[in-house]
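K.L.:
using only what follows, build the 3D model:
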Amino acid sequence: MWGYVTGTKTKPSVPQTENFDMLFDAWETDNSMVITWINNSITQSIGMQLAKYDTTKEVWNHLERLYTQSNFAKQYQLEYDIRALQQNDQSIQDFYAAMSDSWDQLALTKSKELKDFEP
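P.N.:
Purely as a prediction, here's the structure:
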């Protein structure tokens, strides 16, 4: 199914080919199934943004743009929040989860170009 995400499994486009209806129905079913898997893995508010896309590749590209863009203001805010984070009356598990979430978000703001230079 990864081919739907990468775009290598494309929608059949030539109606004159043999078995076109069967190929098109199979593609549409699989494409919809992968989009459903993605929607079941994200929050409802993000899922609402994806409703305008018809293909899994379009959905994936939108999510990629949304979560992998380098944003220095967002990086600064996350770094500030990490430095300010305190356990206070939270359990160690809750504090660790909050800290991990912030670090994960910060990692997503790194640009691809910067990641390529890591040792």
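K.L.:
how about the residue nearest to the spatial centre of the chain, what does it touch?
P.N.:
Taking CA atoms, centre = their mean as the criterion, residue 63 is the residue nearest the geometric centre of the chain, at 3.8 Å. By CB atoms under 8 Å, 6 or more residues apart in numbering, the contact set of residue 63 is 38, 42, 46, 50. Backbone N, C-alpha and C define where each C-beta goes, glycine included.
K.L.:
pLDDT-wise, what's the bottom of these?
P.N.:
Taking the contacts of residue 63 together, the minimum pLDDT is found at residue 46 (85).
K.L.:
how close does the closest residue in space to residue 50 that isn't next to it in sequence sit to residue 28?
P.N.:
Spatial nearest neighbour of residue 50, chain neighbours left out: residue 59 (5.0 Å); criterion: CB to CB, 6 or more residues apart in numbering. Using CB to CB, to the nearest Å, residue 59 is found at 14 Å from residue 28.
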